[in-house]
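Asker: here is a sequence with its predicted model. Questions after.
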Amino acid sequence: MAIFPPAERVWWKEPVERSEVIWVTLALVWALIMFFMMPYWHFAGEQNLSNEAYKITPDAYAEKVEAEVEKYTVREEGDTGIPVVRPPAGGDAYQLGRLWEWYPIIELVKGQSYRFHLSSLDWQHGWSLLPENINIQVHPGYEMVFTVTPNRVGEYAVVCNEFCGIGHHTMVGKIYVVEK
Ligand code: CUA
């Protein structure tokens with residue numbers, strides 16, 4: 001009970017209990033294993049993205065997206081007519097986040113590499129690619145860029161995983177990967 005002072009006032013000169021030494025050693029070894037797993041997974045696990053970030057104004061980014069939409073739209077989808085954009089293989093793909101959508105839909109070809117760009121026009125959003133579980137924070141004022149080479153054909157969902165207001169749960173986008 002901590003109501004009373006310890007019987008031995010000078011307790012810090014007591015020898016350390018053997019079981020305590022064992023526990024401290026185990027905790028330290030485990031902490032070191034966890035620590036070195038981080039660089040290990042980066043190189044051996046192919047899990048962490050190597051992305052770049054550049055400063056850009058929301059207006060300038062919106063212009064890039066609009067230029068892409070104008071040039072590479074192949075069709076439109078849904079009631080709102082959201083454009084499906086097919087950037088050239090080896091080229092740049094631009095998608096933006098804003099309250100509350102990911103725009104436009106991007107169509108990529110399997111086995112081709114693209115420079116994928118992301119930014120936000122207003123708020124902080126979370127770009128989460130499902131079912132791949134790739135997550136990128138998307139901020140206004142910053143352009144995130146990474147190289148992607150899709151290896152599976154299909155329809156991928158982009159959901160926002162950063163709470164961004166009343167329409168957050170409706171902020172869903174799409175990426176298609178096609179055979180050719
Ligand atoms: Cu955008 Cu939540």
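Answerer: Great, that's in hand.

Asker: what is the neighbour count of residue 172?
Answerer: 13 (other CB atoms under 10 Å). Placement of C-beta: from N, CA and C, glycine included.

Asker: give me the distance between the two termini of stretch 4-19.
Answerer: 25 Å (CA to CA, to the nearest Å).

Asker: so how far is it from its chain's centroid?
Answerer: Taking CA atoms, centre = their mean, to the nearest Å, one finds the center of stretch 4-19 at 49 Å from the center of the full chain.

Asker: state the mean pLDDT of that stretch.
Answerer: In this model, stretch 4-19 has a mean pLDDT of 84.

Asker: quick check: what element follows whatever helix or strand residue 116 lives in along the chain?
Answerer: Here residue 116, judged by DSSP states H and E, is contained in strand 114-120. The first helix or strand that comes after strand 114-120 along the chain, using DSSP H and E, is strand 125-130.

Asker: buried residues in stretch 49-58?
Answerer: 53, 56 (16 or more other CB atoms under 10 Å).

Asker: over to stretch 149-163?
Answerer: So for stretch 149-163, counting by 16+ other CB under 10 Å, buried means 150, 156, 158, 159, 160, 161, 162.

Asker: so who does residue 117 touch?
Answerer: By CB atoms under 8 Å, 6 or more residues apart in numbering, residue 117 lies in contact with 64, 92, 93, 94, 95, 143, 144, 145.

Asker: if it is in a bridge, with which residues?
Answerer: Beta bridges link residue 117 to residue 94, residue 145, judged by DSSP bridges.

Asker: near the ligand, which residues of the protein?
Answerer: Contact residues (CB under 6 Å from any ligand atom) of the chain with the ligand: 97, 100, 125, 160, 162, 163, 164, 168, 171.

Asker: just put the residues you listed in TSV and tack on secondary structure, pLDDT and distance to residue 135.
Answerer: Formatted as TSV, these follow (DSSP: H, G, I helix; E, B strand; the rest coil; pLDDT from 0 to 100; distance: CB to CB, whole Å):
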residue	secondary structure	pLDDT	distance to residue 135
97	strand	96	13
100	coil	94	18
125	strand	97	11
160	strand	97	11
162	coil	96	9
163	coil	96	14
164	coil	96	15
168	helix	96	15
171	coil	96	14
